[in-house]
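# based on what follows, work out the 3D shape:
(4 chains)
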There are 2 protein chains.
Amino acid sequence: MAETGTTTPRERYRTQVRTEIKERAWEQIATAGATALSLNAIAKQMGMSGPALYRYFAGRDELITELIRDAYGSLADTLRTAAESGADLTALAHALREWALADPHRYFLIYGTPVPGYQAPDDVTGIAQGIMATLLDACAALPSDGPATPFDTHLESHRQWAAGHPAPPAALHRGLALWTRLHGVLSLELAGHFNGMGFDPALLYAAELDDLLSR
Amino acid sequence: MAETGTTTPRERYRTQVRTEIKERAWEQIATAGATALSLNAIAKQMGMSGPALYRYFAGRDELITELIRDAYGSLADTLRTAAESGADLTALAHALREWALADPHRYFLIYGTPVPGYQAPDDVTGIAQGIMATLLDACAALPSDGPATPFDTHLESHRQWAAGHPAPPAALHRGLALWTRLHGVLSLELAGHFNGMGFDPALLYAAELDDLLSR
DNA sequence: GAGCTTCAGTGATAGCCTCTAACTAAATCT
DNA sequence: AGATTTAGTTAGAGGCTATCACTGAAGCTC
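Numbers count the residues shown, from 1 in each chain, chains lettered A, B, ... in the order given. Model (predicted):
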């Protein structure tokens, strides 16, 4: 008996329409990117006319913000469930790549060109910190030999971004480098900058990861 | 006597208006990003009304294509002149970062979220190859000790992207890694993903570069 | 169950945008 | 001087976001 708790029929209908709007929005984004997202088109697809959508979202910006929130949440979930089932850094990196390849425009919604005036709401930055924490956990589980670099010591004194994560500076450094390197390969690959170059982006991705693990 | 060769007054006027249009377009892009670029607004700024711009550009897409071409050209020039005055890899990386920070939206016009249907014209991919060649030249000038990695051998057999560049596989690998790593740090920095984290992105950029040089 | 309130959805409208088409007027060419 | 090319105009089609006033139905209260 799928009792939905103490929700009124109106609320249930409302959330159902909201999620259908978001589903259509994701379809549009997957095929034509976020800039092509049109409230009007979504409304017509759903058989209702234009301004009706403004009952459910204050505007285009609020819808996109919600989609960004969901994208962050999806990535955080993907990495967290992978980590909870014992994934190491390699497996985490693989999960990230799979997630990105599954819907490139969703990746760019998070890590692509920023929209000038946009400021992410607090809960989104919280989720982003959670993603970083998952990566740092996996980094802290690795042995970190070798001398501390100057950047390590810089991180030692500027580590409030880690939100109190107990990883040692070398692990923080590794976490940051992991993030930036994987994003470097992924974003160029997804944007098509490797097209026609012949080599396999997956191997470059793996090579970058290996280099990071063995140092 | 700045004789402009065998150009008619009409041609001169035409190219002058074209460049003024592009200047206004760059101003718009620098402040509000490429998605906010409006032909209408540019026309009004220049004191003429809407459709007049279509005498100079076939449409919004052609203008943006032209801007992308110019951005690529500007980056290629910056790196090439730096290389010609004896810059090593570190100096090249520094020049790249300066160029990106000078106008982040120009960087994203090249390396940001791709527009779905867009296919870069041939001459643009040619300029992109030139940029890569400058990087590879600097990589080939470095000693490459250490054993060949599996990815090196993969590159050995898939090196048509290097457009006949004579660099050894290890240098090709280093060139690719340089590109992706610097882009990884730069794009996240420019997109504001390091905001509020406290550490200095320039130091991370330098650390990534150092790691690449000493291996 | 009758009446009141809330709310989903509508059409009309304003103000942007890109882009096309027909036309005017000026500059250039012959 | 006359013919031609071309820069710029207005008008308009069709798209978009977003607001407003209104209708009709669903839910709530007594």
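
# could you check how many residues crowd around the closest residue to A:Ala32 other than its chain neighbours?
Using CB to CB, 6 or more residues apart in numbering or on different chains and skipping the chain neighbours, the partner closest in space to A:Ala32 is B:Pro116 (5.3 Å). C-betas here are computed from N, CA, C, even on glycine. The local packing of B:Pro116 (other CB atoms under 10 Å in any protein chain shown) involves 13 other residues.

# figure out the helix or strand that B:Pro116 lives in.
Using DSSP states H and E, no element contains B:Pro116; it sits outside every helix and strand.

# what distance do you get for it to B:Arg159?
Look at B:Pro116 and B:Arg159: by CB to CB, to the nearest Å, they are 30 Å apart.

# so where is chain A shaky, pLDDT-wise?
When residues are selected by pLDDT under 70, those of chain A lie in A:1-5.

# switch the cut-off to 80
Within chain A, the ranges that satisfy pLDDT under 80 run A:1-6, A:9, A:145, A:160-164, A:215.

# which parts of it sit against DNA strand C?
Residues of chain A lying close to DNA strand C (CB under 7 Å from any atom of the strand) are A:10, A:13-14, A:17, A:43, A:47-52, A:55-56.

# repeat that for 10 Å
Selection of chain A residues close to DNA strand C by CB under 10 Å from any atom of the strand yields A:8, A:10-11, A:13-14, A:16-18, A:21, A:40, A:43-44, A:46-56.

# residues from chain A in reach of DNA strand D?
Proximity of chain A to DNA strand D, by CB under 10 Å from any atom of the strand, involves residues A:8-13, A:28, A:36-44, A:49-55, A:57-64.

# so which of those are in helices?
Among the residues of chain A next to DNA strand D, DSSP state H puts A:9-13, A:28, A:39-44, A:60-64 in helices.

# buried subset of the residues of chain A next to DNA strand D?
A:Gln28, A:Leu37, A:Leu39, A:Ile42, A:Ala43, A:Leu53, A:Phe57, A:Leu63, A:Ile64 (16 or more other CB atoms under 10 Å in any protein chain shown).

# correct me if wrong: the residue nearest to A:Ala32 contacts A:Gly33.
Yes. The pair B:Pro116 and A:Gly33 passes the contact test of CB atoms under 8 Å, sitting 4.9 Å apart.

# the residue in chain A positioned nearest to chain B and A:Asn195, how far apart?
Chain B sits closest to A:Gly184 of chain A, with a gap of 2.6 Å, by CB to the nearest CB. Distance, A:Gly184 to A:Asn195, using CB to CB: 17 Å.

# neighbours of A:Gly112, just the number please.
Around A:Gly112 there are 22 residues (other CB under 10 Å).

# same question, the one 3 residues further on
Applying the criterion other CB under 10 Å, we find 15 residues in the vicinity of A:Val115.

# that one and B:Ala34 touch, don't they?
No. Between A:Val115 and B:Ala34 there is no contact under CB under 8 Å: 10.6 Å.

# for A:Pro17, helix, strand, or coil?
Slight slip there: residue A:17 is Val, not Pro. helix (DSSP: H, G, I helix; E, B strand; the rest coil).

# quick check, it in contact with A:Phe57.
No. Contact criterion CB under 8 Å: A:Val17 and A:Phe57 do not qualify, at 10.4 Å.

# what strand or helix carries A:Ile127?
In the assignment (DSSP H and E), A:Ile127 maps to helix A:122-140.

# report all helices and strands that that helix contacts.
Counting contacts by 3 or more CB pairs under 8 Å, 6 or more residues apart in numbering or on different chains; DSSP states H and E, helix A:122-140 packs against helix A:60-84, helix A:89-102, helix A:169-190.

# please redo it, this time with the cut-off set to 6 Å
The contact analysis (3 or more CB pairs under 6 Å, 6 or more residues apart in numbering or on different chains; DSSP states H and E) places helix A:122-140 against helix A:60-84, helix A:169-190.

# do the helix or strand following that helix and chain B meet at all?
Sequence order places helix A:150-157 as the next helix or strand after helix A:122-140, per DSSP H and E. Yes. Helix A:150-157 reaches chain B (CB under 6 Å from any CB of the partner chain) through A:Phe151, A:His154, A:Leu155.

# got a winner among these for most neighbours?
Among those, the one with the most neighbours (other CB under 10 Å) is A:Leu155, at 28 neighbours.

# angles on the backbone of the residue lying closest to A:Ala100 once chain neighbours are set aside, please.
Nearest residue to A:Ala100 in three dimensions, chain neighbours excluded: A:Tyr107, at 4.3 Å (CB to CB, 6+ apart). A:Tyr107 adopts backbone torsions of phi -60, psi -50, taken as degrees, to the nearest 10.

# burial check on A:Tyr107, number of neighbours?
For A:Tyr107, the count of nearby residues is 23 (other CB under 10 Å).

# again with A:Gly196
A:Gly196: 9 neighbours (other CB under 10 Å).

# tell me the phi and psi of it?
Here is the backbone geometry of A:Gly196 (degrees, to the nearest 10): phi 80, psi 0.

# likewise the one 4 residues further on?
With angles defined as degrees, to the nearest 10, A:Asp200 sits at phi -90, psi 120.

# and for A:Gly117?
Note on A:Gly117: backbone dihedrals following degrees, to the nearest 10 are phi -80, psi -10.

# how near is it to A:Tyr72?
Per CB to CB, A:Gly117 is found 19 Å from A:Tyr72.

# the two: who's more crowded?
Each of A:Gly117 and A:Tyr72 has its neighbours counted (other CB under 10 Å); A:Tyr72 has more, 21 against 9.
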